[in-house]
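In: coords please:
(chains A and B)
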Amino acid sequence: MGSYLDYQSARPVDPRVVVAMLPYFSEKFGNASSLHLVGDEATRDLEDARKTVAGFINAEPEEIIFTSGATESNNLALIGYAMRNRERGNHIIISEVEHISIHNIVKFLEKNGFIVSKVPVDQYGRVSVKKIADRIIGKTMLISVGYASNEIGTVQPVAEIGRLCRERNIAFHTDAVAAEGLLPLDVKRDSIDMLTLSSNDMYGPRGVGALFVRKGVKINPLIIGGGQENGLRSGTENVAGTIGMKAAVELMQQEMYDEVTRMKGFRDTLIERIPKLIPGTHLNGHPTERLPNNAHFRFDGIEGESLLLSLKDKDISISTGSACSSKTLEPSHTLISCGLLHEEAHGSLQVTVGRFTTQNDIDSLISALPQVVERLRTLSPLYNRKEGDRS
Amino acid sequence: MKSTQYSEKVLDHFRNPRNTGTLEGENVAVGRVGNPTCGDLMEIYIDVKDDTINDIKFKTFGCGSAIATASMVTELAKGKTLDEAEKITRGDVAHELDGLPPVKMHCSNLAADALKDAIRNYREKGKQPSAANDEAASGTEPIEGEKEFAGKGVYYHFSDPVQFIDKRVMVLWEQPKPLEQVLELTKYTPRVILVTQLKDIPVSEELKNKLTGANIKILSQAKLLKISGFNEVEKVLMQNLAEDEQYELFVDAVLIL
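Out: Reported below is the predicted structural model:
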């Protein structure tokens, strides 16, 4: 498979998770809603999983709703809360650097009578708590700020935002998918009312996620049916998937510390060496407040998609913030929000490492990158001009 | 189709581009299209002898298909008369490359346009250069939001540099204001964007090297239309004068010189 350095896009399911899930497809097939013994067993396993996931973020089991993934959790949190609590106001605050799902969900809410403010970030992608506070009005009912940027890795001041929301009696939601398994999550410490989790981002199966909703916070369901998940998410429970998420969380609880230390080593090697090997390299995102698995660069004078294609030829799988590799041809909104010019956003390279990354993968990138950048720069009309007359 | 799903022929031209580089000389003309703002900038150099393209080279900032189309157009045009070469279309280039992903047909298929621009420039050689470029810079229309944010991120002087510390500063520059104080600004913040409506900043190479050396970003053919924010400057709406497009940038301060 070559060197896979795009853990932000997708993670493999840990083989140990697969082993834990297997019995739940045929042998333990029970429906958790059934009253007989087979059903009881499924209920017990489901509730075990709920306990494990709750423990991982310092929540109570009854505060966890299992969903089909992070996108559904974000929908349930924002739409479910907004629709249920209209009497608390119609104003919602998010940051400019939210995941695309949050941006599109608030667009939907805007069409349904809500007013949305987007708080800008600084050049490192960090939102200012003061700027959030300035935007709060009497009708502000909900604030949603992602725990960290899945793209540039900048970690937000979540605890401070949580405190602000608690003081002003405003609900606080955070999409923690980018941070789960990388930073210790604690909904009590950070005064969080709703928190989105995904299973795949902890090496569990896709199609499973969870939403934490603090006791006392009321939301409406989006999926109506047989009343599963306390009436908040109908549909026969995905026991196998949920067991997979539980197994993934348990592995994370045991291995997270060592894993994070290893990833930080890789990240810091990249951040230290690449700018030294390639002049005209800049680090995107925050120099210190960043996820342990993320290094994000931009290179003067070249464009990201051609960089990505060249690295593909060297068997390296990696991402870019360039428009030219996206469906819409718009450059990364996060990078533009940091104040980058479009041409700078186009020249970005996003490296994300994970559980199965090896020193070999890192070495391959470090050895391939300088000549790839150099080749594209000799083709570029921007770089030579910038460096004076070198052509 | 994914945007990077390219034909083998596109990949071949991307991996081994033909006719890269620049040309110089009396019979050389350059065609330049695109804008780095949009992610693509292409330059085609032609050397003409007896009305025929004797040599041709290109430089491209852009995605894989931008590089491949430029390479292909140089192959198609080499040896052709100007009249023949002028007839090469975007469609011809895409066809010769065994097709391009649909999403790429417009944005990165600028090569034929750059060739046409080079031919036009060759034919106009010797004629007086047009003054169109300078006209664009004249006439100062009011900027929306400028008054509202005066003192709240919009400044006219550099007298109190402390207010720029670690800020993203956009500097609006017009001839003949001195540029030295823009250099001074970089002592206080690493992020300075110099905006001009001109195609290029008409200063000495030495000063220009100093500007880029200080990591000042130069945004040319750009015009500030609107300043917005919440109590203070947060973003600006820009007009790309080359392509008549608008785009937003996030800044903390605007210094109008």
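In: Please make it C-alpha for all contacts and neighbour counts, starting now.
Out: OK.
In: ok, what's across the strand from residue B:218?
Out: residue B:194 (DSSP bridges).
In: Can you pull out the low-pLDDT segments for chain A?
Out: Under the criterion pLDDT under 70, the flagged ranges of chain A are A:322-329, A:384-391.
In: mind running it again at 90?
Out: Low-confidence segments of chain A, defined by pLDDT under 90: A:1, A:27-42, A:305, A:320-332, A:342-347, A:381-391.
In: Please identify the buried residues of the longest helix belonging to it?
Out: In chain A, assigned by DSSP state H, the helix with the most residues is helix A:239-277. By neighbour count with 16 or more other Cα atoms under 10 Å in any protein chain shown, helix A:239-277 contains the buried residues A:239-252, A:256, A:259-260, A:262-264, A:266-267, A:270-271, A:274-275.
In: what ranges do the helices span in the chain?
Out: No chain specified, so I'll use chain A. All helices of chain A, identified by DSSP H, fall at A:15-21, A:37-56, A:70-84, A:100-111, A:129-135, A:158-168, A:239-277, A:304-313, A:333-337, A:342-346, A:359-379, A:381-386.
In: Chain B, not that one
Out: Under DSSP H, chain B gives helices at B:8-15, B:64-77, B:82-86, B:90-96, B:104-107, B:111-123, B:132-137, B:180-185, B:205-213.
In: least reliable of the ones you listed going by mean pLDDT?
Out: With a mean of 46, helix B:132-137 has the lowest mean pLDDT of the helices of chain B.
In: ok, and of the buried residues of helix A:239-277, which contact chain B?
Out: When Cα under 8 Å from any Cα of the partner chain is applied, no member of the buried residues of helix A:239-277 is adjacent to chain B.
In: Indicate the residue of the stretch 151-300 of chain A located nearest to chain B.
Out: Nearest residue of the stretch 151-300 of chain A to chain B, counting by Cα to the nearest Cα: residue A:280, 9.6 Å away.
In: returning to what we had before: and the helices of chain B: which comes nearest residue A:219?
Out: In terms of Cα to Cα, the element of the helices of chain B nearest to residue A:219 is helix B:104-107, at 43.6 Å.
In: about what we covered before: of the helices of chain A, give the one that comes closest to residue A:296.
Out: Closest among these, using Cα to Cα: helix A:239-277, at 8.4 Å.
In: now for the closest one, which elements pack on it?
Out: helix A:15-21, helix A:37-56, strand A:281-283, strand A:294-299, helix A:359-379 (3 or more Cα pairs under 8 Å, 6 or more residues apart in numbering or on different chains; DSSP states H and E).
In: which of the residues in the shortest one are buried?
Out: For strand A:281-283, a neighbour-count test (16+ other Cα under 10 Å) marks A:281-283 as buried.
In: ok, now the longest one?
Out: Taking 16+ other Cα under 10 Å as the neighbour-count basis, helix A:359-379 is seen to contain the buried residues A:361-362, A:364-366, A:369, A:372-373, A:376-379.
In: does chain B sit close to that helix?
Out: Yes. Residues of helix A:359-379 contacting chain B under Cα under 8 Å from any Cα: A:378-379.
In: Helix B:64-77 and that helix, what's the angle between them?
Out: 40 degrees (axes from the mean of the first three to the mean of the last three Cα atoms, to 10 degrees).
In: and helix A:359-379, what does it pack onto?
Out: strand A:3-4, helix A:239-277, helix A:304-313, helix A:381-386, strand B:52-61.
In: Give me the contact list for the shortest one.
Out: By that I understand strand A:3-4. A:315-318, A:357, A:360-362, A:364-365 (Cα atoms under 8 Å, 6 or more residues apart in numbering or on different chains).
In: For it, which strands pair with it and how are they oriented?
Out: By DSSP bridges, strand A:3-4 pairs with strand A:316-317 (parallel).
In: Tell me how far the partner strand lies from the chain's centre.
Out: Strand A:316-317 sits 21 Å away from the centroid of its parent chain (Cα atoms, centre = their mean, to the nearest Å).
In: give me every residue that touches the residue nearest to residue A:90 when sequence neighbours are not counted.
Out: Closest residue in space to residue A:90, ignoring its immediate chain neighbours: residue A:114 at 4.8 Å, by Cα to Cα, 6 or more residues apart in numbering or on different chains. Residue A:114 makes contacts with A:90-92, as judged by Cα under 8 Å, 6+ apart.
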